[in-house]
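**Student:** Provided below for reference: sequence and predicted model.
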Amino acid sequence: MDQYSTVIASGTLLVVLLALLASGVWVAVALLAIGVVGLAVFTTAPVGSLIVSSMWDASWGWPMTALPLFIWMGEILFRTRLSEDMFKGLGPWVSWLPGRLLHVNILGCGIMAAVAGSSAVTCATVARMSLPELKKRGYDEKMMIGTLAGSGTLGLMIPPSIIMIVYGVTAQQSVARLFMAGILPGLLLIALFMGYVMVWSLLNPSKIPPRDPALSLGAKLRNSRRLIPVMLLIVAVIGAIYGGVATPTEAATVGVLGAMALAKLGGTLSLKSLGDSLMSAMKISCMISFIVACAAVLSISVGYLNIPQVLAAKVESMALSPYMLLAVLTLFFLVLGCFLEGISILVLSSAVILPMVQAAGIDLIWFGIYIVIIIEIAQITPPLGFNLFVLQSMTGRDIWQVTKASIPFCLLLVIAISLITIFPGIVTYLPSLMQHG
């Protein structure tokens, strides 16, 4: 196809996509539909065989096997008393810091992120546990909501992250290396959030209630006794991947068995809870796998239409530096984030964006972490920020109040993007030490 035909085809497909999404069609079906339209209308390619082969190739890849296992591990732990124990276990350790128990929101989301792998689940679980406790003690509501909105996004960054598995499959990058790449940026975000809470509380001492009575070390350890095994399980799973001892899929299997053992010891493992966790994990996995498989058809379609090549040539002719390209892509993703959730943004844009990024010489592992932070920002920006909806329903406040509370944490995520761009080693250091994967 010549450049003029490619532009017409691109415009037509964009209009069809927007019409489908606006009409409420499932994202996966919309992706499949525009892939089919692109192939059938604008090319002479054998549509049927291409659709079948591309969907099959996308659905049986080995990295995808880790996806349902990590989701199942999270679902099992989600049904234990983990969220109830979190406030009791974390509170005594952070009550001496400026900001006191607000840090429980941040650290609690960090722990839940490693269990759930999902932003909305992380946010909802910690909010359900902490909001009544913080409200009872008289903490500032705006900061309660803000810390939950911002820290809830850690579910996308801290491994094992579901969105990183999807990116690894889509971009054909090592999931194990992506998991390792997310650890330091995840810790950086926790440090930025906690630092902001400390500074804010020092500037607003009247909005922080008095400290709870101090506990002895023994009492603190007793309160944390059910949190420690979960944290050890997470460290063991990530450590096995990092050391090259296990692939992500093998480590996820160990994680599921460990989660079952912890649930059994905690007295929450029953046939009903196991069945519920399995059914929930299956639904989520099927939804994500369906989106990825349909996105593969779209990738084939845009490849036949030469859209990535034309766009890459256009970007090249503009002589954008890698930094300028990232700035343009940041705006593009933030606009997409106003209308789509994370995995949809990723699979919808990857066929076009990844060739451009590669052509600009940007490392795809680094770009994976960059795009995760962008999607984190999209989780707390209106009108479709999922975390905002979760907190709106849990607090009873209107969307504007929730959005206003989350703005400082949006800015902290932007600072994190700036830091990993200026110091890419924050992302690439741990993956570079890996022996395998």
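**Tutor:** Ah, there it is.
**Student:** Can you list the low-confidence ranges for the stretch 1-150 of the chain?
**Tutor:** Scanning the stretch 1-150 of the chain for pLDDT under 70 picks out 1-3, 61, 63, 82-84, 116-118, 120.
**Student:** which residue ranges form the helices in it?
**Tutor:** Taking DSSP state H, counting those that start in this stretch as the test, the helices found in the stretch 1-150 of the chain are 3-22, 27-42, 47-59, 66-78, 82-94, 102-116, 119-137, 141-152.
**Student:** now those as JSON lines including mean neighbour count and distance to Met194?
**Tutor:** C-beta coordinates here come from the backbone N, C-alpha and C atoms, glycine included. Formatted as JSON lines, the helices of the stretch 1-150 of the chain follow (neighbours: other CB atoms under 10 Å; distance: least, CB to CB, whole Å):
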{"stretch": "helix 3-22", "mean neighbour count": "15", "distance to Met194": "37"}
{"stretch": "helix 27-42", "mean neighbour count": "21", "distance to Met194": "35"}
{"stretch": "helix 47-59", "mean neighbour count": "16", "distance to Met194": "39"}
{"stretch": "helix 66-78", "mean neighbour count": "26", "distance to Met194": "24"}
{"stretch": "helix 82-94", "mean neighbour count": "20", "distance to Met194": "9"}
{"stretch": "helix 102-116", "mean neighbour count": "27", "distance to Met194": "6"}
{"stretch": "helix 119-137", "mean neighbour count": "21", "distance to Met194": "15"}
{"stretch": "helix 141-152", "mean neighbour count": "27", "distance to Met194": "9"}
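**Student:** Among these, which comes closest to Val302?
**Tutor:** Nearest of these to Val302, taken as CB to CB: helix 27-42 at 6.8 Å.
**Student:** if we can go back for a sec, could you dump the helices of the stretch 1-150 of the chain to TSV with distance to Phe367?
**Tutor:** TSV is the format used below for the helices of the stretch 1-150 of the chain (distance: least, CB to CB, whole Å):
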stretch	distance to Phe367
helix 3-22	22
helix 27-42	21
helix 47-59	20
helix 66-78	20
helix 82-94	33
helix 102-116	21
helix 119-137	20
helix 141-152	23
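**Student:** for these, which one sits closest to Ile228?
**Tutor:** Evaluated over the helices of the stretch 1-150 of the chain, closeness to Ile228 peaks at helix 82-94, with 8.2 Å, by CB to CB.
**Student:** Report all helices and strands that that closest one contacts.
**Tutor:** Applying 3 or more CB pairs under 8 Å, 6 or more residues apart in numbering; DSSP states H and E, one finds that helix 82-94 contacts helix 102-116, helix 119-137, helix 217-223, helix 227-242.
**Student:** where does the third one sit relative to the chain's centre, distance-wise?
**Tutor:** Distance of helix 217-223 from its chain centroid, counting by CA atoms, centre = their mean, to the nearest Å, is 32 Å.
**Student:** And the first one, by the same measure?
**Tutor:** Distance of helix 102-116 from the chain centroid (CA atoms, centre = their mean) equals 14 Å.
**Student:** closest to Ile345 out of the helices and strands packed on helix 82-94?
**Tutor:** When the helices and strands packed on helix 82-94 are compared (using CB to CB), the closest one is helix 119-137, at 12.5 Å.
**Student:** so how far is that closest one from its chain's centroid?
**Tutor:** That offset, for helix 119-137, works out to 19 Å (CA atoms, centre = their mean).
**Student:** now for it, which elements pack on it?
**Tutor:** Judged by 3+ CB pairs under 8 Å, 6+ apart, helix 119-137 is in contact with helix 66-78, helix 82-94, helix 102-116, helix 141-152, helix 154-157, helix 364-379, helix 386-395.
**Student:** Tabulate these (a markdown table), appending distance to Ser5.
**Tutor:** Shown next, in a markdown table, are the helices and strands packed on helix 119-137 (distance: least, CB to CB, whole Å):
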| stretch | distance to Ser5 |
| --- | --- |
| helix 66-78 | 37 |
| helix 82-94 | 55 |
| helix 102-116 | 45 |
| helix 141-152 | 44 |
| helix 154-157 | 38 |
| helix 364-379 | 29 |
| helix 386-395 | 38 |
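**Student:** Ala191: which of those is closest?
**Tutor:** helix 102-116 (9.5 Å).
**Student:** quick one, that closest one and helix 141-152 angle?
**Tutor:** 30 degrees (axes from the mean of the first three to the mean of the last three CA atoms, to 10 degrees).
**Student:** how about stretch 192-210: buried residues?
**Tutor:** Buried residues in stretch 192-210, defined by neighbour count with 16 or more other CB atoms under 10 Å: Leu192, Phe193, Met194, Tyr196, Val197, Trp200, Ser201, Ile208.
**Student:** for that stretch, what is the average pLDDT?
**Tutor:** Mean pLDDT, stretch 192-210: 89.
**Student:** The stretch 201-350 of the chain: helices as residue ranges?
**Tutor:** 217-223, 227-242, 248-265, 271-304, 307-317, 322-337, 342-359.
**Student:** Which one of these has the poorest average confidence?
**Tutor:** Across these, helix 307-317 gives the lowest mean pLDDT, at a mean of 69.
**Student:** Adding distance to Thr170, write the helices and strands packed on helix 82-94 out as TSV.
**Tutor:** Output for these, formatted as TSV (distance: least, CB to CB, whole Å):
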stretch	distance to Thr170
helix 102-116	21
helix 119-137	18
helix 217-223	42
helix 227-242	19
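**Student:** Out of the ones you listed, the one nearest Ile377 is which?
**Tutor:** Closest to Ile377 of the helices and strands packed on helix 82-94 is helix 119-137 (CB to CB; 11.2 Å).
**Student:** Val37 contacts Val16, doesn't it?
**Tutor:** Yes - Val37 is within contact range of Val16, at 5.7 Å (criterion: CB atoms under 8 Å).
**Student:** Identify whichever of the helices and strands packed on helix 119-137 lies nearest to Trp56.
**Tutor:** Nearest to Trp56 among the helices and strands packed on helix 119-137 is helix 66-78 (16.8 Å), distances taken as CB to CB.
**Student:** Keeping just the C-alphas, turn the closest one into CSV.
**Tutor:** Taking Å, rounded to 0.1, in the frame of the first residue of the first chain, the C-alpha atoms of helix 66-78 are listed here in CSV:
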residue,chain,number,x,y,z
ALA,A,66,2.0,-17.5,34.3
LEU,A,67,-1.0,-15.2,34.1
PRO,A,68,-3.8,-17.4,35.5
LEU,A,69,-1.5,-18.9,38.2
PHE,A,70,-0.4,-15.5,39.6
ILE,A,71,-4.1,-14.3,39.4
TRP,A,72,-5.1,-17.5,41.3
MET,A,73,-2.4,-17.0,43.9
GLY,A,74,-3.8,-13.5,44.5
GLU,A,75,-7.4,-14.7,44.7
ILE,A,76,-6.5,-17.3,47.3
LEU,A,77,-4.6,-14.8,49.5
PHE,A,78,-7.4,-12.2,48.9
